[in-house]
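*Asks:* starting from these lines, generate the structure:
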Amino acid sequence: MYEAYGFKAAGVPEVDAATLRSWLEQGDGKAPTLVDVRLAAEREVSTLPGAVAKEDFDASTCERGQRVVAYCTIGKRSGDYVKALRKSHPSVDAYNLKGSILAWTQVGGELVSGRDGKTPTNKVHTFGKQWNLPGEGFEGVTFDKTPWGKLVTDKVKGWFGR
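*Replies:* Predicted coordinates for the structure are as follows:
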């Protein structure tokens, strides 16, 4: 499913979940900044430990070459975000997490509750039934009603740099 979006062909640098896990475990002080580009309601279900919401991330404060990894559910929204980020802040070393949070669960990556950012959880918002593909030991969560209005509003704001 992820391959259908073809970010590699679109020139968006990617990192796979296993490599990201390695970067985070190195403990050399060079861990990437994780940016969760999903909607707040999705982030409340779970997030990667230490991730910041895109609304709270300020690329202008990044040091030259700082590594940033963005993610969403499968990689579409985060790919768009990385493309825009690299254009507006070329000194940031930005990557899209290939397969995003679902790929993270496939390699057994830890998730925490988005409510407090600390409590471990096995739940992951999958945005829709067709993407309900979390890794073993994880539980996919979908909403009865998708917040499309907010998604469209965020996209339009992104087009105009707001």
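*Asks:* spit out the contact partners of Pro13.
*Replies:* Applying Cβ atoms under 8 Å, 6 or more residues apart in numbering, we find Pro13 in contact with 82, 86, 94-96. Every residue, glycine included, has its C-beta placed from N, CA and C.
*Asks:* what about this structure, any weak spots by pLDDT?
*Replies:* The chain contains residues with pLDDT under 70 at 1-10, 145-162.
*Asks:* what do you get if the cut-off is 50, keeping everything else the same?
*Replies:* In the predicted model, the chain carries pLDDT under 50 at residues 162.
*Asks:* all helices for this protein, in order.
*Replies:* Under the criterion DSSP state H, the chain contains helices at 17-25, 40-45, 76-88, 100-106, 148-159.
*Asks:* what is the third one packed up against?
*Replies:* This points to helix 76-88. Counting contacts by 3 or more Cβ pairs under 8 Å, 6 or more residues apart in numbering; DSSP states H and E, helix 76-88 packs against strand 67-71, strand 93-97, helix 148-159.
*Asks:* tell me which residues of it are tucked away?
*Replies:* For helix 76-88, the buried set under the neighbour-count rule, 16 or more other Cβ atoms under 10 Å, comprises 76-86.
*Asks:* ok, now the second one?
*Replies:* Within helix 40-45, the residues scored as buried using 16+ other Cβ under 10 Å are 42-43, 45.
*Asks:* spatially central residue in the chain, please.
*Replies:* For the chain, the residue nearest the mean C-alpha position is Tyr71 (1.3 Å; Cα atoms, centre = their mean).
*Asks:* my guess is that one contacts Val82. True?
*Replies:* No - look at Tyr71 against Val82 with Cβ atoms under 8 Å: they stay out of range, at 9.7 Å.
*Asks:* list residues touching both of the two?
*Replies:* Overlap between the neighbourhoods of Tyr71 and Val82 consists of Asn96, taking contacts as Cβ under 8 Å, 6+ apart.
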